[in-house]
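Colleague: dropping a prediction and its sequence here:
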Amino acid sequence: MISFDNTEVAFANKSNRSLKKAYFVFKLISISWLNKFATKMLQTGLKIGLPVKGIIKNTVFFQFCGGESIHQCEPTINELAEFNVKSILDYSVEGDQDEYAFNDCLNKAIATIERAKKDRSIPYIVIKLTGFMPFHVLNKNTEGIVLSDKEEIEYDKGKKRLKTLSDAACAAGVPLMIDAEESWIQGNIDEIVLDLMRICNKEKAVVFNTTQMYRHDRLQYIKDLYEIAEKENFYLGIKIVRGAYMEKERLRAEQKGYLSPIQENKEATDRDFNDALRFCMEKLDRISLCCGTHNEESSLLLTELMREKEIAADDSRVFFAQLLGMSDHISFNLAKAEYNVAKYVPYGPIKEVMPYLIRRANENTSISGQTGRELSLIQTELDRRKEANIL
Ligand SMILES: Cc1cc2nc3c(=O)[nH]c(=O)nc-3n(C[C@H](O)[C@H](O)[C@H](O)COP(=O)(O)OP(=O)(O)OC[C@H]3O[C@@H](n4cnc5c(N)ncnc54)[C@H](O)[C@@H]3O)c2cc1C
């Protein structure tokens with residue numbers, strides 16, 4: 001059985017200096033009040049033009065992002081590839097909801113496909129649909145509200161951008177993953193992605209949808225999707241995650257008085273996540289799976305399921321994925337054992353990737369155990385290097 005305890009493997013790509021820096025960053029964001037205070041200060045600083053970019057760059061930015069452009073991500077891509085860890089380039093700009101921003105996202109995604117098609121160390125590209133069309137349109141469609149004429153035009157333009165992108169992905173043979181977002185826009189995202197799968201996934205999974213297993217309806221959703229794919233004879237690409245918007249989801253459901261889509265507790269999320277892995281492994285003849293998690297138990301379970309079903313570690317239909325800067329002990333130990341492993345490598349101008357960085361900072365403060373685990377693994381490796389006289 002694979003073990004994630006080997007910190008020498010986990011941090012093989014990190015110099016003493018960058019290891020100490022990672023420790024410092026996790027220590028900083030683990031202090032809840034400091035995290036909140038620093039986030040507010042840095043956001044305000046960026047808004048009013050104070051010279052805070054350097055602080056962000058030297059702390060959270062280079063811990064969790066590859067750079068401000070694809071070019072700046074090259075050292076990270078090469079460094080990961082040296083250890084058999086692949087990169088999923090993610091233009092992580094969020095928030096701007098105008099034509100200029102949507103077209104910019106499309107151009108960046110196409111540039112990413114161009115970069116990926118030359119290189120086996122970039123197995124997928126990833127996008128968020130809210131980077132391609134307005135949030136409020138996705139929301140109205142999900143809630144069955146009729147669009148105005150202007151919104152119809154915006155929606156058509158968004159779908160055209162996606163068609164251009166998926167055509168480019170198909171032509172280049174680079175799989176395209178669509179992230180999952182808030183439940184009040186996800187219904188429309190699911191519809192759009194299903195249509196793309198019908199077109200692009202006739203011979204293999206090129207377009208991937210994401211399912212958040214913190215929702216109590218998603219295991220059934222995967223099963224239903226499988227039925228459709230069987231009936232209509234296309235392949236399914238599925239990225240399984242637990243979900244990143246739990247607090248926001250619960251709060252909105254409470255404020256608006258509807259049943260929260262979130263599972264009752266963490267155990268239920270874990271159960272459905274693991275059952276989804278089992279289901280996908282049963283149906284691997286039609287499903288390609290990307291398991292996006294930092295959870296050791298689920299990652300181990302997937303390796304066990306692969307062993308039981310005699311599926312080679314490097315079978316191209318199964319990928320493990322973690323975010324850059326997090327859970328290297330899982331990524332690097334799996335990669336050493338020759339599993340397909342990829343890191344999300346977010347990139348974009350500092351100001352624009354702030355929402356992503358804030359989510360990472362909050363996640364590392366609010367999820368009990370996650371930061372503690374990162375800190376203790378780094379400390380173990382620092383101690384090991386000290387003992388081996390290489391610190
Ligand atoms: C490669 C990759 C891609 C990702 N893509 C997306 C994406 O497209 N969309 C997205 O939303 N997120 C995405 N995420 C983030 C992901 O959804 C999780 O927020 C994050 O990975 C933490 O979950 P975990 O499985 O790693 O670990 P764990 O630490 O085991 O689980 C933490 C998660 O469990 C759930 N949870 C915690 N407490 C409770 C509770 N009381 N009740 C119910 N559920 C609970 C929450 O989802 C929480 O984030 C991605 C993560 C990775 C690694």
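Modeller: Received it, and whenever you're ready, just let me know what you need.
Colleague: give me the nearest residue to Val146, chain neighbours excluded.
Modeller: Lys140 (7.7 Å; CB to CB, 6 or more residues apart in numbering). From N, CA and C alone the C-beta is placed, and that goes for glycine too.
Colleague: an error on my part: the question was meant for Tyr23.
Modeller: Going by CB to CB, 6+ apart, Tyr23 has Ile378 as its nearest residue, at 4.7 Å.
Colleague: so for the host helix or strand of that neighbour, mean pLDDT?
Modeller: Using DSSP states H and E, Ile378 sits within helix 370-387. Helix 370-387 shows a mean pLDDT of 92.
Colleague: if you count neighbours, what's buried in that helix?
Modeller: Gln370, Thr371, Arg373, Glu374, Leu375, Leu377, Ile378, Thr380, Glu381, Leu382, Arg385 (16 or more other CB atoms under 10 Å).
Colleague: just checking, what packs against that helix?
Modeller: helix 7-10, helix 16-30, helix 350-366 (3 or more CB pairs under 8 Å, 6 or more residues apart in numbering; DSSP states H and E).
Colleague: cutoff 7 Å now
Modeller: Counting contacts by 3 or more CB pairs under 7 Å, 6 or more residues apart in numbering; DSSP states H and E, helix 370-387 is packed against helix 7-10, helix 16-30.
Colleague: tell me who's in contact with the residue positioned nearest the centre of the chain.
Modeller: In the chain, the C-alpha nearest the mean C-alpha coordinate belongs to Tyr344, at 5.8 Å (CA atoms, centre = their mean). Tyr344 sits next to Ile88, Asp90, Val126, Ala321, Leu323, Leu324 when contact means CB atoms under 7 Å, 6 or more residues apart in numbering.
Colleague: what bridges to it?
Modeller: Here Tyr344 sits in beta bridges with Ile88, Leu323, going by DSSP bridges.
Colleague: circling back: among the contacts of Tyr344, which two are most distant?
Modeller: Spanning the widest gap among the contacts of Tyr344 are Val126 and Leu324, at 12.4 Å by CB to CB.
Colleague: and the next element down the chain from whichever helix or strand Lys36 is part of?
Modeller: Assigned by DSSP H and E, Lys36 belongs to helix 32-47. As assigned by DSSP H and E, the chain's next helix or strand after helix 32-47 is helix 53-56.
Colleague: chain center to that next one, what's the gap?
Modeller: Chain-centre distance of helix 53-56: 24 Å, with CA atoms, centre = their mean, to the nearest Å.
Colleague: next: stretch 320-335.
Modeller: 12 Å.
Colleague: contacts for it?
Modeller: 2-4, 6-7, 9-12, 63-66, 83-85, 88, 290-292, 294, 296, 299, 302, 339-346, 374, 377.
Colleague: list only those of the residues you listed flagged as buried.
Modeller: Taking 16+ other CB under 10 Å as the criterion, what is buried in the contacts of stretch 320-335 is 2, 4, 6-7, 9-11, 63-66, 83-85, 88, 290-292, 294, 296, 299, 302, 339-346, 374, 377.
Colleague: related to what we said a few turns ago, so the residue nearest to Val146 sits in a strand?
Modeller: No. When classified by DSSP: H, G, I helix; E, B strand; the rest coil, Lys140 is found to be helix rather than part of a strand.
Colleague: that one - how many residues pack around it?
Modeller: Counted with other CB atoms under 10 Å, residues neighbouring Lys140 total 19.
Colleague: again, but for Pro75
Modeller: Using other CB under 10 Å, Pro75 has 11 neighbouring residues.
Colleague: local confidence estimate at it?
Modeller: pLDDT recorded at Pro75 is 96.
Colleague: check which helix or strand it maps to.
Modeller: For Pro75, the host element (DSSP H and E) is helix 70-82.
Colleague: CA atoms of that helix as CSV?
Modeller: Taking Å, rounded to 0.1, in the frame of the first residue of the first chain, the C-alpha atoms of helix 70-82 are listed here in CSV:
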residue,chain,number,x,y,z
ILE,A,70,2.0,31.3,-18.9
HIS,A,71,5.6,32.2,-19.5
GLN,A,72,6.2,32.9,-15.8
CYS,A,73,4.8,29.4,-15.0
GLU,A,74,7.4,27.6,-17.0
PRO,A,75,9.9,27.1,-14.1
THR,A,76,7.0,25.6,-12.0
ILE,A,77,5.9,23.3,-14.9
ASN,A,78,9.4,22.1,-15.5
GLU,A,79,10.2,21.6,-11.8
LEU,A,80,7.0,19.5,-11.3
ALA,A,81,7.6,17.5,-14.5
GLU,A,82,11.0,16.5,-13.2
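Colleague: any part of that helix near the ligand?
Modeller: No. With CB under 6 Å from any ligand atom as the criterion, the ligand is not reached by helix 70-82; the gap is at least 13.5 Å.
Colleague: counting by contacts, list what that helix packs against.
Modeller: strand 85-91, helix 99-117, strand 341-347.
Colleague: again, only this time at 10 Å
Modeller: With contacts defined as 3 or more CB pairs under 10 Å, 6 or more residues apart in numbering; DSSP states H and E, helix 70-82 has these neighbours: strand 85-91, helix 99-117, helix 328-336, strand 341-347.
Colleague: how about the residues of this structure by the ligand?
Modeller: 179-180, 210, 212, 214, 241-246, 262-263, 265-266, 269, 292-295, 321-323, 344, 367, 370.
Colleague: of those, buried ones?
Modeller: 179-180, 210, 212, 214, 241-246, 262-263, 269, 292-295, 321-323, 344, 370.
Colleague: tell me, how many residues neighbour the nearest residue to Pro349 once chain neighbours are set aside?
Modeller: Nearest residue to Pro349 in three dimensions, chain neighbours excluded: Glu68, at 5.4 Å (CB to CB, 6+ apart). By the measure other CB under 10 Å, the count of residues near Glu68 is 18.
Colleague: roughly how far apart are Glu68 and Val353?
Modeller: 8 Å (CB to CB, to the nearest Å).
Colleague: could you do Leu176 as well?
Modeller: Taking CB to CB, one finds Leu176 at 20 Å from Val353.
Colleague: what does Glu82 give?
Modeller: Look at Glu82 and Val353: by CB to CB, they are 25 Å apart.
Colleague: comparing the two, which residue is more hemmed in?
Modeller: Taking other CB under 10 Å, Glu82 and Val353 do not tie; Val353 has more neighbours (24 against 11).
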